[in-house]
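**Student:** Provide a 3D model corresponding to the input given below.
(chains A and B)
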Number of protein chains: 2
Amino acid sequence: MPPSRDLEEMWRDLAPVGRSASSGGYFRQPWASAEIELREWFAEECAARGLTVETDGIGNQVAWWSPSSPSVEEGAPRLRRPEEARQRRLEGSRDQGVLTGSHLDSVLDGGAYDGPLGVASALAAIDLLRERGFEPSRPIGVSVFVEEEGSRFGRACLGSRLVTGATTWEEARELRDRDGTFLGDAVSAAGLDPSRGLLSLEGVGTFVELHVEQGRDLVDRDVAVGLASEIWPHGRWRFDFAGQANHAGTTRMEDRHDPMLTYAMTALAANKQARLAGQRATFGRVSVEPNGTNAVPSLVTAWLDARASADDTLAAMVAEISRQADERAGRDGTSLVVTPESVSGSVAFDPGLAQRLAGLGDWPVIPTQAGHDAGILSDAGIPTAMVFVRNPTGVSHSPDEHAEMADCRAGVEALADVLAELTGAPE
Amino acid sequence: MPPSRDLEEMWRDLAPVGRSASSGGYFRQPWASAEIELREWFAEECAARGLTVETDGIGNQVAWWSPSSPSVEEGAPRLRRPEEARQRRLEGSRDQGVLTGSHLDSVLDGGAYDGPLGVASALAAIDLLRERGFEPSRPIGVSVFVEEEGSRFGRACLGSRLVTGATTWEEARELRDRDGTFLGDAVSAAGLDPSRGLLSLEGVGTFVELHVEQGRDLVDRDVAVGLASEIWPHGRWRFDFAGQANHAGTTRMEDRHDPMLTYAMTALAANKQARLAGQRATFGRVSVEPNGTNAVPSLVTAWLDARASADDTLAAMVAEISRQADERAGRDGTSLVVTPESVSGSVAFDPGLAQRLAGLGDWPVIPTQAGHDAGILSDAGIPTAMVFVRNPTGVSHSPDEHAEMADCRAGVEALADVLAELTGAPE
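**Tutor:** The predicted structure is shown next:
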């Protein structure tokens, strides 16, 4: 048996990769240096465990720990078109494996745990199962999906969307980052060859993603681990506020068409609507043209991130924010165009699976407002579960994100129990 | 006599330099390619008129048309320390010359007229005086000051501030642009040698700047040309709103410390205060950290451009905006630091000079809210006047900025009359 590497040891190796010396946060954007380094780290960790990593044409990675039975060995991933893989999966046998993992990319200036904790815990859970002398009856795979955060190309969960066919490569490759680089070119520049095809999910019967909680439900319940019931509907909408550039000194206030004012009121309105409804609405990204101190802007582009407990609640909230923005645009003499960039409906994780797994540790089953690759795979028809690890402050997407190592170890134990439950004996 | 070149011809040559194909606006930031090209254009235009350009160590330029009298030839510029030049100027003789000109840099995505109209009109006015057979009794200089807009290093009128000693080179060279480049390095990279020293103003008895109007006073008065009475006090203040980065989906609205909200309220408050007081307040430039769609920002930095008719009115308005921002920061759980970056008191141009020159054409004498190199030279004790050319829409700092060619020609005629008045006969 290859030697296992401790979770804390892996954590120390990951700590410096893509970290900002000034903020302490992480910049691990997809297909750039830090993320490429993490991909190599993952391959080395798998190799140290005798697992062979397969990397697909865009950088998704999987390594399978397969039982010695030759029939199951064939469950190892093959590159295949998503629709073909989906068809084969629907026809799949009881030999289908359990996939677990998360992502290694980060938001801009993000935390250490969001993503990597799920990947490192998956590896540590395999170590633990081996230490226990556990022999799976079906394959256990550890996976990493690329561009989960959408921090570079604006499309969250892009790797899993491409693998499941929710997004096509023809559409994705035309996306541009803030520097104008096409996604297709970024992938090639990272040494990948998209023509090799995408990872197949045909051997995947269940997906389990461990993730640091991004909220304080587990703190409030005083437990280290929980399971996910659902993902709130959520999306991103681009608001383009157009006005007229003019001199900031000489233009009378009443002669202006200042889109910054329309934007400012909209940001406050979004906050108020979300507060009133108990939902979420955020303007965290803004781009201004020409962005000069002494010029009234010609254009303010801002992105609304909105989430709600139900699809119609989300639609109504975004409509109300847009309505108030339009009304203010009328008063400011500006104009507004709202463009949905990615909208995901609610995801209900397989309730029977969640209940069955929750019984292993008396873990609570809680909703989340955050999107995950798990939601994409669930939408694609794969029974899916999520394991959450307590986050003492609830802070995420921030350098301040944190989890206690004791809770992370509890997460590894829980994940190992889940994997053992799912692969313990032929059904 | 060298052949004169028509204003419209010069205008056609200038039209493509640094122009954005998408917006039609200009990007002529100092010490970058378009602005270097304009510096060469100016030297060639002067050479075509038999005038020799002197370029100082940071890119300020002057060319003198001197009477044949050898005593006056000595009035040609020399590179000298500002304090020494100032002393020599205070002791100056009746042989001191008249300097006219403006700047060639632009704001980001600016108009064609703001700056270049004053430079091209100065050259055209010399052509006109020569066509009239006019022989000046004292030197007439045409000048270009660098970084008038402060679009790259944030300090408006930097070239004239350095020449007059209002800003020291030791301070200026440490300024950084948005890419982190030091001003000192940018100057060197543009092929200039700051150790050569700065332009001397010791031979300058009067400064006249022609400029497109940035407002609609002349439209309202139905005249093509006017003179300036004063420049409003104005300045730039940096507002740093600090909060806590967090997940935009999972963080409850009531748990946030979102600096975008504090900023948004402040932008609206600034607008309201300026409206109420009949003054100007603008937030046209914003920078957000980390600027990700799915993250509550950790930091929003925004620049307030504020102007008022009197120094105490300006101070009171900025204080009130800051007070409201602070109050909102308290409610948002964010914090605010306000830093003045450049604040200029009111400038009253030499009233006797304005009245004397206004009499030449029955031109109105009007105030402006825009800063100009003319204000810096006036502050330095040089009798200074400004000639404004009608702007049909009042729009400036915008691709839409415009002036009719007939009005520009009227401006050239007016400037020629002004120069003739000031250099026509020994006093």
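**Student:** use CA for all of it now, contacts and neighbours both
**Tutor:** Noted.
**Student:** Pretty sure A:E421 sits in a helix.
**Tutor:** Yes: assessed by DSSP: H, G, I helix; E, B strand; the rest coil, A:E421 belongs to a helix.
**Student:** contacting residues for it?
**Tutor:** By Cα atoms under 8 Å, 6 or more residues apart in numbering or on different chains, the residues touching A:E421 are A:L357.
**Student:** Next one, pLDDT for it please.
**Tutor:** You'll see A:E421 listed with a pLDDT of 96.
**Student:** is chain B contacted by the strand or helix carrying A:R275?
**Tutor:** Element membership of A:R275, judged by DSSP states H and E, is helix A:259-277. Yes: residues of helix A:259-277 contacting chain B under Cα under 8 Å from any Cα of the partner chain: A:260-261, A:263-265, A:267-268, A:271, A:274-275.
**Student:** Please produce a markdown table containing the residues you listed, extended by neighbour count.
**Tutor:** Listed next are these as a markdown table, based on neighbours: other Cα atoms under 10 Å in any protein chain shown:
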| residue | neighbour count |
| --- | --- |
| A:M260 | 29 |
| A:L261 | 28 |
| A:Y263 | 28 |
| A:A264 | 22 |
| A:M265 | 21 |
| A:A267 | 25 |
| A:L268 | 20 |
| A:N271 | 20 |
| A:A274 | 22 |
| A:R275 | 15 |
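**Student:** Can you show me the helices along chain A?
**Tutor:** Ranges of helices within chain A are A:7-14, A:33-48, A:70-73, A:82-90, A:116-131, A:158-164, A:169-172, A:183-189, A:217-221, A:259-277, A:311-332, A:351-358, A:373-379, A:405-423, based on DSSP state H.
**Student:** re earlier: which pair in the residues of helix A:259-277 next to chain B spans the largest distance?
**Tutor:** Distances among those were taken as Cα to Cα; the most separated pair is A:M260 and A:R275, at 22.7 Å.
**Student:** Sketch out the low-pLDDT regions of chain A for me.
**Tutor:** A:1-5, A:68-95, A:426-427 (pLDDT under 70).
**Student:** Okay, and the beta partners of A:H247?
**Tutor:** A:A295 (DSSP bridges).
**Student:** these two touch, right, it and B:H397?
**Tutor:** Yes: in this structure, A:H247 is within contact of B:H397 by Cα atoms under 8 Å, at 4.9 Å.
**Student:** of the two, who's got more company?
**Tutor:** For the pair A:H247 and B:H397, the greater number of neighbours falls to B:H397 (31 against 27), based on other Cα atoms under 10 Å in any protein chain shown.
**Student:** re earlier: which helices and strands does the helix holding A:R275 pack with?
**Tutor:** Secondary-structure packing of helix A:259-277 (3 or more Cα pairs under 8 Å, 6 or more residues apart in numbering or on different chains; DSSP states H and E): strand A:234-242, strand A:280-289, strand A:299-307, helix A:311-332, helix B:259-277.
**Student:** Just name the closest of the residues of helix A:259-277 next to chain B to A:G205, please.
**Tutor:** A:A274 (37.6 Å).
**Student:** Tell me which residue lies farthest from the centre of chain A.
**Tutor:** A:T250 (47.1 Å; Cα atoms, centre = their mean).
**Student:** thought that one was touching B:R216?
**Tutor:** No: assessed by Cα under 8 Å, A:T250 is found out of contact with B:R216, at 9.0 Å.
**Student:** quick revisit: need the phi and psi values for the nearest residue to the residue farthest from the centre of chain A once chain neighbours are set aside.
**Tutor:** Residue nearest to A:T250 in three dimensions, not counting chain neighbours: B:Q369, with 5.0 Å by Cα to Cα, 6 or more residues apart in numbering or on different chains. Dihedral pair for B:Q369: phi -100, psi 0, per degrees, to the nearest 10.
**Student:** what sits against B:Q369?
**Tutor:** So B:Q369 contacts A:249-250, B:231-234, B:307-308 (Cα under 8 Å, 6+ apart).
**Student:** ok, now with 6 Å
**Tutor:** A:249-250, B:231-232 (Cα atoms under 6 Å, 6 or more residues apart in numbering or on different chains).
**Student:** swap in A:L218?
**Tutor:** Contacts of A:L218 (Cα under 6 Å, 6+ apart): A:R390.
**Student:** The same query, at a cut-off of 7 Å, please.
**Tutor:** By Cα atoms under 7 Å, 6 or more residues apart in numbering or on different chains, the residues touching A:L218 are A:224, A:226, A:390.
**Student:** my guess is the first one meets A:C408, correct?
**Tutor:** No: contact criterion Cα atoms under 7 Å: A:A224 and A:C408 do not qualify, at 8.3 Å.
**Student:** Looking at those two, which is more packed in?
**Tutor:** Shown here are A:A224 and A:C408; by other Cα under 10 Å, A:C408 has more neighbours (26 against 23).
**Student:** what about the closest residue to the more buried one other than its chain neighbours, neighbour count?
**Tutor:** Distances taken as Cα to Cα, 6+ apart put A:V389 closest to A:C408, at 6.5 Å, once the chain neighbours are dropped. Per other Cα under 10 Å, the neighbour tally for A:V389 reads 30.
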